[in-house]
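> what shape does this take:
(2 chains)
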There are 2 protein chains.
Amino acid sequence: MATLLTPIEGAEQFDEKPCRIALAGFGTVGSSVARLLQSRAEPALQLTHIYNRGISRKKVDWVATGVEWTERFDDLLSSEVDVIVELMGGLEPAHQLVRRALQSRKSVVTANKQLMAQYGPELLALAGDNDQFLGFGACVAGGIPVLLGLQDGLAGDTLTRIRGILNGTCNHILTRMEKAEVAFADALAEAQRAGFAEADPTDDVDGLDAAAKLAILARVAFNVDLAPNQVACRSIGEIGLIDFAYAHELDSTIRQISTAQWQDGCVYANVGPALVPNDSPLAKVSGNQNLVVTSGEFGGDTSFGGNGAGGDPTAVAVVSDLVQAARHRCSGAVALPPRMAQPCRVTNDIATAHYLRFVVRDRPGILAALTEALSRRGINVDAVLQKPNYPKSALPFVITLEPCPERHLRAALAEIAAFDFLLQPPLSMPMME
Amino acid sequence: MATLLTPIEGAEQFDEKPCRIALAGFGTVGSSVARLLQSRAEPALQLTHIYNRGISRKKVDWVATGVEWTERFDDLLSSEVDVIVELMGGLEPAHQLVRRALQSRKSVVTANKQLMAQYGPELLALAGDNDQFLGFGACVAGGIPVLLGLQDGLAGDTLTRIRGILNGTCNHILTRMEKAEVAFADALAEAQRAGFAEADPTDDVDGLDAAAKLAILARVAFNVDLAPNQVACRSIGEIGLIDFAYAHELDSTIRQISTAQWQDGCVYANVGPALVPNDSPLAKVSGNQNLVVTSGEFGGDTSFGGNGAGGDPTAVAVVSDLVQAARHRCSGAVALPPRMAQPCRVTNDIATAHYLRFVVRDRPGILAALTEALSRRGINVDAVLQKPNYPKSALPFVITLEPCPERHLRAALAEIAAFDFLLQPPLSMPMME
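As a prediction, this is how the structure comes out:
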């Protein structure tokens, strides 16, 4: 096909030697990368080593015979390998091995979002110090080249916000709840049976997976060192089918939205369920797709969408980084990794409209008590929605609020939490404009 | 804001001298570029010259006083300018001036799609010969970094198709026809009055503008030298409100779609109105937005959307290319422009489902005559749609066809054209799957 015929630009001009590649980790993504490299048959990109623990059980017959299989990482460091592709996942030993690779003057390409979220600035500095390339396009949104888009394609703009659907598992569960009217627990169990969700779904459902990706994106977009634990996370586990019913009344749907916003020298960073208007591109993302929408002061909104996970799309991102690593090597230029130098101040005090859903034992005076608690903090009610045909003993209803600072809302909700008519804690979600 | 704090990566390491920039052309995009450069206050990117014919009437007071205004292009060539930004538009003199700039060892950034569509391969070769950077990200889809996405972000994949909405004027007209039930001529006149369409709208409406952009995209995606006149174009001017009514019956809408497909060593390239299913991301592009969806063998579908035109979004693309030009200069690497080496074989013989709309003077036997002409070429009818309440003297109806090779359809339509019951030539449109 087309790119079989596309050698690395400039490779022939500078260096007859191919770029030698080692895979560290040979699971789903590793074997997709090997397959993709073999299908390209690109002389400039040559797979020479595959490292994995317990390598004997990993060997497959379709990998070219010249490739060396090893379970000693040091074999990669002492070889003539140019780029090590880190696909082991997890923080350790990946972190120490990537450090040793860079110190041994090997370039590194990684798909390990936890590693880059936790140690990205340190590893990029180390890559710079050792004149090596460190590619991490595969860490966020799989095959969608959004990191490159932020770093280079929109380099001319001043970005003010990133908003996205970064976790395919949550999007799958929420769209399934919406379309088939399946409760959260059942949709999650289905997704687990189908292999779309992990046995322990906490990282996905509670937003930690998306928070790691958002931290990486925000660093590149705003050039600040945002740590993943500076991203506020809320679980999608509290969302009920009743919330989809009310969302539809508001011409909206519910999605796990990751938001990072640059405001007065601070970053607001948040992952959690949100009400999304039906006419937003984020509302139209179905199944396990990803979408990132950036907002720039000059260019306005730009969107990047596609397959955010899976072996083959992630392998595309890895090989695209390998092409860059090979170009970098051919050009003879030293590494120019993005710098993430500035410490990051975060704020959680941003003014947003909110959706509040209550389930109460009905009696006179409930609405008065709630609106009184809100108005005392200067929070204006936009609308009250109550669907018919629910029992008075467990009555769900919704109050939507005009934009107000989050700290005022938190104070009001703390007071409201003590009201004895509540059958469960109120659910609050930001409403996207 | 954020990127004010982002100096060109590596600039400080390599070269204390800023990258000196000349604007050639100071219209809408030129002044947006100047404004954007001034707002960034980026020491590594320094605007030093502005060239335009009749420069005295172009001078504005908000441009920094050190900038030299000139109406002699030779002043740029003899200066210490590093990059010339070509924003003159049109083929000549832009073509000769860009050639002279590259030969004078100036890098070039251009937003001139006609120039790059017509002379791209020649100019990229010339840039390579002179070790200069030639950036043209602003030629396609304004501020959306889709060219970079194809060239670098998806470099690891084997792309098989590009499909997009590349002309905002046509999309504006078609969405206006759809939403306000305004006839084509009226929607066009409105767009002209509002400044969204040119006085002579031929390039937009007939598809020539989109064809130039598609040729540039296809070259980068498939690494073939597709010329703009190898793109088959059909006007949106034949679309009537009746076609939107039938499209809606088919759960679809109508958009000007640009398609380039790689198939058996040939490129199929086409711009024109098409039936787009409502659940396609392309159906959801409204107003003058652009969207490009690429299909890759490994990564599947990836989309890039946003503002495809306008001074500020185009200026973002120009300045992003300037950042790359500055990095290229800092790294000391020679230019590695994309090569567009392979001659391109085109095919127009691709199997697609079709929508045919007829307007007839009704009488018995019409459907038999039409289906007979189709079935003689082995073309199967999928459905016949006829809305009620139209006069028998000018009856519109639609036949949809199962996928068939275009040449068979052309042969059938040539025979059908002679039928005396037709009040106007039949309208045929491909139907996206």
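
> A:L226 versus A:P343, what's the distance?
The gap separating A:P343 from A:L226 is 10 Å, by CB to CB, to the nearest Å. C-beta: built from backbone N, CA, C; applies to glycine.

> nearest residue to the residue of the stretch 1-150 of chain A found nearest chain B other than its sequence neighbours?
In the stretch 1-150 of chain A, the residue found nearest to chain B is A:P145; the distance is 2.3 Å by CB to the nearest CB. The spatially closest residue to A:P145, leaving aside those adjacent along the chain, is B:G153, at 2.3 Å (CB to CB, 6 or more residues apart in numbering or on different chains).

> mind listing what that neighbour touches?
A:G137, A:P145, A:L148, A:G149, A:S320 (CB atoms under 8 Å, 6 or more residues apart in numbering or on different chains).

> what do you get if the cut-off is 7 Å, keeping everything else the same?
With contacts defined as CB atoms under 7 Å, 6 or more residues apart in numbering or on different chains, B:G153 is in contact with A:P145, A:L148, A:G149, A:S320.

> need the max-distance pair from the residues you listed.
Greatest spatial distance in those: A:G149 and A:S320, 12.1 Å, computed using CB to CB.

> tell me, how many residues neighbour A:A215?
28 (other CB atoms under 10 Å in any protein chain shown).

> quickly find the element holding it.
helix A:208-222 (DSSP states H and E).

> follow-up on the earlier one: surely the residue of the stretch 1-150 of chain A closest to chain B meets B:G149?
Yes. The pair A:P145 and B:G149 qualifies as a contact (CB atoms under 7 Å) at a distance of 4.9 Å.

> buried residues, stretch A:86-93. List them.
Across stretch A:86-93, burial judged by 16 or more other CB atoms under 10 Å in any protein chain shown covers A:E86, A:L87, A:M88.

> more neighbours: A:P343 and A:L226, which one.
A:L226 (28 against 10).

> OK, contacts around the nearest residue to A:G149 once chain neighbours are set aside?
Leaving out its chain neighbours, the residue that sits closest to A:G149 by CB to CB, 6+ apart is B:P145, at 4.9 Å. Contacts for B:P145 (CB under 7 Å, 6+ apart) come out as A:G149, A:G153, A:L154, B:G137, B:S320.

> tell me the pLDDT of the residue of the stretch 151-300 of chain A found nearest chain B.
With CB to the nearest CB, the shortest gap between the stretch 151-300 of chain A and chain B falls at A:G153, namely 2.3 Å. pLDDT for A:G153: 92.

> next, it: phi, psi?
Torsion angles at A:G153 (phi, psi; degrees, to the nearest 10) stand at phi -70, psi -30.

> can you tell me what sits against the helix or strand containing A:I242?
For A:I242, the host element (DSSP H and E) is helix A:241-249. Here helix A:241-249 makes contact (CB under 7 Å, 6+ apart) with A:177-178, A:181, A:183, A:253-254, A:275, A:357, A:385, A:387, A:396, A:398, A:427.

> run through the residues that contact A:V276.
Contacts of A:V276 by CB under 7 Å, 6+ apart are A:S252, A:T253, A:I254, A:R255, A:I257, A:L282, A:A283, A:M432.

> quick one: which of those is most hemmed in?
Neighbour tally across the contacts of A:V276 (other CB under 10 Å): the maximum, 27 neighbours, falls on A:R255.

> partners of the helix or strand where that residue lies, with directions?
Applying DSSP H and E as the criterion places A:R255 in strand A:252-263. Strand A:252-263 pairs in its sheet with strand A:159-165 (antiparallel), strand A:266-277 (antiparallel), by DSSP bridges.

> export it to PDB, keeping only CA atoms.
Coordinates of each C-alpha in strand A:252-263 appear next as PDB, following Å, rounded to 0.1, in the frame of the first residue of the first chain:
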ATOM      1  CA  SER A 252     -28.100  17.000  26.500                       C
ATOM      2  CA  THR A 253     -26.300  13.700  27.300                       C
ATOM      3  CA  ILE A 254     -23.800  12.600  29.900                       C
ATOM      4  CA  ARG A 255     -20.200  11.800  29.200                       C
ATOM      5  CA  GLN A 256     -16.900  11.500  31.200                       C
ATOM      6  CA  ILE A 257     -15.300  14.800  30.200                       C
ATOM      7  CA  SER A 258     -11.700  15.700  30.900                       C
ATOM      8  CA  THR A 259     -11.100  19.500  31.000                       C
ATOM      9  CA  ALA A 260      -7.900  21.500  31.400                       C
ATOM     10  CA  GLN A 261      -8.200  25.200  31.200                       C
ATOM     11  CA  TRP A 262      -5.600  28.000  31.400                       C
ATOM     12  CA  GLN A 263      -6.900  30.900  33.400                       C
END
